[in-house]
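Visitor: turn this into a structure:
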Amino acid sequence: MIGSSRSIGNTSRRESASTTDEYRRRARRLRRMYAHQPVFLQRKLKELSGSQEPEIRPMNPSLTGGSPVAWEFAESVEEAIQSGILRYSQRMTLIQKAEGLGIKRFEANLIIAVVEHRARESTRTVQSEPVKPRGKWILPATLAISLQIVIVLFAYFSL
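Guide: Got it, this is the predicted structure:
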């Protein structure tokens, strides 16, 4: 039984690869035939791609919401961010930890970015209009008026 299931799996892979190779061959042929006619080339390539069945790839389990490995890594990222700014050396340590957990480097960077974004959003406070301090104009106004009085008195008594 096990041997037969493997052969079925391998057959579908071969078929997928052969259809992909056939698609590429046909696309190359079209590009050669319509090299100097870009409008026709685009139409034919569109027709060719429409006839091709889309390949369905399974989603990587480390990026799914229910992955305990991703959640564990996200928690460790959150702990590192709690201590302040995430330095480059800390990021590299976290990425190495993620690779040890089976998470690819790109996905680890995505998880780090998501956790950082959420941390920034939660610490951001709603900023209201700044409170204008009252009485800040009194001191400059008093100095200006006093200076004017001194100038007028000086001019009056010096004549």
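
Visitor: for Ala70, give me phi and psi.
Guide: Note on Ala70: its backbone torsions stand at phi -70, psi -40 [degrees, to the nearest 10].

Visitor: pretty sure it sits against Ala108.
Guide: No. Counting by Cβ atoms under 8 Å, Ala70 does not reach Ala108; the two are 9.4 Å apart. Where you see a C-beta, it was placed from the backbone N, CA and C, and this is true even at glycine.

Visitor: low pLDDT regions in the chain?
Guide: 1-18, 53-66, 123-134 (pLDDT under 70).

Visitor: where do the helices of it begin and end?
Guide: 2-33, 38-51, 68-82, 88-101, 105-123, 138-158 (DSSP state H).

Visitor: adding mean neighbour count, write those out as CSV.
Guide: Formatted as CSV, these follow (neighbours: other Cβ atoms under 10 Å):
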stretch, mean neighbour count
helix 2-33, 11
helix 38-51, 12
helix 68-82, 16
helix 88-101, 14
helix 105-123, 14
helix 138-158, 9
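
Visitor: now do Thr93 against Arg87, distance only.
Guide: 9 Å (Cβ to Cβ, to the nearest Å).

Visitor: which residues does the nearest residue in space to Ala98 that is not next to it in sequence contact?
Guide: Spatial nearest neighbour of Ala98, chain neighbours left out: Ala108 (3.5 Å); criterion: Cβ to Cβ, 6 or more residues apart in numbering. Going by Cβ atoms under 8 Å, 6 or more residues apart in numbering, Ala108 touches 73, 94-95, 98-99.

Visitor: closest to Ala80 among those residues?
Guide: Closest approach to Ala80 among the contacts of Ala108 (Cβ to Cβ): Leu94, at 6.2 Å.

Visitor: look up how far Ile81 lies from the closest one.
Guide: From Leu94 over to Ile81 (counting by Cβ to Cβ), the distance is 10 Å.

Visitor: likewise Glu47?
Guide: Distance from Glu47 to Ile81, by Cβ to Cβ: 51 Å.

Visitor: equivalent analysis for Arg29, please.
Guide: Taking Cβ to Cβ, one finds Arg29 at 54 Å from Ile81.

Visitor: now do Ser67
Guide: The value you get for Ser67 to Ile81, if Cβ to Cβ is used, is 20 Å.
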